[in-house]
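S.K.: What follows is a protein structure lacking sequence information:
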């Protein structure tokens, strides 16, 4: 079931409004629709490169929740309990420096090593590449002011995607949140 937070008389979010909010089930169909709706909302109002980076980061984050946020991995264990429905709240806000994003879900806690810088990066040799494992590297690389916290049984992940046309956002001085990651 795909849940959306649109008024009953509105089939698509209006283009160009500065804020997008959606409540959806953590499944790949709902994630795909939300990504298309984010593009429709902000296309033409932010640089194409910033919108593409936003889509890539949101796809990684939302698909991680859909695939892993139930606590059972990509597939439920044979004979195990059915996957429970996880609800995602997605908010994207346009501002002068780019796009600010907040993603919350009621799945299990995010593993702490997801936000930590890796001890070493994977080998760039094609033969050494494996499918998967690069999502958090991509997320950390393309975002600014990335941070996560858990409150009231919900994961809260927030980040900024800076504009690409020389309008990079100012970087905070780092004193506000000790959990901030990648604010360089």
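M.R.: All right, it came through fine. Here the structure is a predicted model, which is why all the values come from computation and not from measurement. Numbering: from 1, shown residues only.
S.K.: Lowest-scoring secondary structure element of the protein by mean pLDDT?
M.R.: Taking mean pLDDT, DSSP states H and E as the measure, the chain has helix 135-142 as its least confident helix or strand, at a mean of 90.
S.K.: what's the average pLDDT for the helix or strand that that one is followed by?
M.R.: Per DSSP states H and E, helix 135-142 leads on to strand 144-151 as the next helix or strand towards the C-terminus. Per-residue pLDDT over strand 144-151 has a mean of 94.
S.K.: Flag the shaky bits of the chain, pLDDT-wise.
M.R.: Counting by pLDDT under 70, the ranges of the chain that qualify are 1-16, 70-83, 118-133, 165-184.
S.K.: All the helices of it, in order from the start?
M.R.: Assigned by DSSP state H, the helices in the chain fall at 28-42, 48-68, 135-142.
S.K.: Mind listing what's buried along stretch 106-120?
M.R.: 106-108, 110, 115 (16 or more other CB atoms under 10 Å). All C-beta spots, glycine's among them, are computed from the backbone N, C-alpha and C.
S.K.: Stretch 89-99 too?
M.R.: For stretch 89-99, using 16+ other CB under 10 Å, the buried residues are 89-90, 92, 94, 97-99.
S.K.: Give me the number of neighbouring residues for residue 141.
M.R.: Using other CB atoms under 10 Å, residue 141 is surrounded by 11 other residues.
S.K.: could you dump the buried residues of stretch 106-120 to CSV with distance to residue 137?
M.R.: Below are the buried residues of stretch 106-120 laid out as CSV (distance: CB to CB, whole Å):
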residue, distance to residue 137
106, 26
107, 21
108, 22
110, 16
115, 11
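S.K.: and of those, the nearest to residue 62?
M.R.: For these, the residue nearest residue 62 by CB to CB is residue 107; the value is 11.7 Å.
S.K.: what's near enough to touch the nearest residue to the closest one once chain neighbours are set aside?
M.R.: Of all residues not flanking residue 107 in the chain, residue 69 sits nearest, at 3.3 Å (CB to CB, 6 or more residues apart in numbering). Going by CB atoms under 8 Å, 6 or more residues apart in numbering, residue 69 touches 26, 86, 105, 107-108.
S.K.: Tell me which of those residues fall in strands.
M.R.: Restricting these to those inside strands, with DSSP state E as the criterion, leaves residue 105.
S.K.: The nearest residue to residue 55 once chain neighbours are set aside and residue 29: what is the separation?
M.R.: Spatial nearest neighbour of residue 55, chain neighbours left out: residue 35 (5.8 Å); criterion: CB to CB, 6+ apart. Spatial separation of residue 35 from residue 29 under the definition CB to CB, to the nearest Å is 11 Å.
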